[in-house]
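S.K.: Sequence plus the predicted model coming up.
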Amino acid sequence: MESASHIVIVEDEAIQRQLLVTYLTAQGFRVSAFDRGGGLRTLLERELPDLVLLDVRLPGEDGFSLARYVRERGPQVGIVMVSSAGETVDRVLGLESGADDYVAKPYEPRELLARMRSVLRRSRTPAATSASRVRMGRCVLDLEERVLREGNGDGTEEKLTAGEFELLRTFAANPHRPLERDWLMQVTSHRDRSPIDRAIDLRVARLRRKIEYNPAHPQAIRTVRGVGYMFVPDGT
């Protein structure tokens, strides 16, 4: 139920923050609000919210840094960034930081609500964590047997390295969500990516040859420019 969704607002303008708390509470959400990043970081130590509404310009730590921190702590947490600038560079930086969507001030509350609900729906899309078999392009990934098979899952088995399986499992658990290369490296290889490290790109290229109908025009594992990659179930 939407009433169970926990929304965290990080907004330094007191009036704007209170207006958001009042509006979103009236919509049935459970709402927490902070004027800077410290409160958000403390909350994340004890629980992961469903969505964070994050202002870009904050005293001390900016919204981009906080978005990266949220994404590291919880890949499934929705992030909507808000900025009064409305500049393309802020939108790009926000997405690179792991945000799911971006809204420029001034905004219509109903538009903001619609964008938040859209992000929440995507974050609740059934994923690998609740299914043992996940359709990926022309193949099916069997999470219990840790194998990839052609067709409906009963065809020829495609060989997977441990790293390739971990990457596919991570994509399956985060459908419709742009995932940063650095984050993918950390969660699948347990190490940081260096500026010249192309391991994730090479691994994605190999997987595309295995699962895509046309690897030159991938539909299951798509490139998100300036960010990384996104898994789109059934190419939808």
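M.R.: Right, received. Where do you want to start?
S.K.: how's the protein carved up into domains?
M.R.: As assigned by automatic domain parsing, the chain contains the domains 2-123, 128-235.
S.K.: Residue 177: neighbour count?
M.R.: Neighbour count for residue 177, taken as other Cβ atoms under 10 Å: 23. (Glycine included, C-beta is placed from N, CA and C.)
S.K.: quick one: secondary structure of it?
M.R.: Secondary structure assignment for residue 177 (DSSP: H, G, I helix; E, B strand; the rest coil): coil.
S.K.: Now do it, the pLDDT please.
M.R.: At residue 177, the model reports a pLDDT of 88.
S.K.: okay but it is in contact with residue 77, surely?
M.R.: No - contact criterion Cβ atoms under 8 Å: residue 177 and residue 77 do not qualify, at 10.1 Å.
S.K.: Can you tell me the SS state at the nearest residue to residue 9 once chain neighbours are set aside?
M.R.: Once flanking residues are discounted, residue 9 sits nearest to residue 33: 4.3 Å by Cβ to Cβ, 6 or more residues apart in numbering. Each residue gets one of three states, and residue 33 gets strand by three-state DSSP.
S.K.: now residue 33: how far from residue 22?
M.R.: As for residue 33, its distance to residue 22 is 10 Å (criterion: Cβ to Cβ, to the nearest Å).
S.K.: More neighbours: which of the two?
M.R.: Using other Cβ under 10 Å, the more surrounded residue of residue 33 and residue 22 is residue 33, with 18 against 11.
S.K.: wait, isn't the more buried one in contact with residue 8?
M.R.: Yes - shown here, residue 33 and residue 8 form a contact pair, counting by Cβ under 8 Å, at 7.4 Å.
S.K.: All the helices of this structure, in order from the start?
M.R.: 14-26, 37-44, 63-73, 88-96, 109-123, 162-173, 181-189, 199-211 (DSSP state H).
S.K.: Among those, which comes closest to residue 54?
M.R.: Closest to residue 54 of the helices of the chain, according to Cβ to Cβ: helix 63-73, at 4.7 Å.
S.K.: what's the distance between the closest one and the middle of its chain?
M.R.: Helix 63-73 sits 11 Å away from the centroid of its parent chain (Cα atoms, centre = their mean, to the nearest Å).
S.K.: again with stretch 109-119
M.R.: Distance of stretch 109-119 from the chain centroid (Cα atoms, centre = their mean) equals 16 Å.
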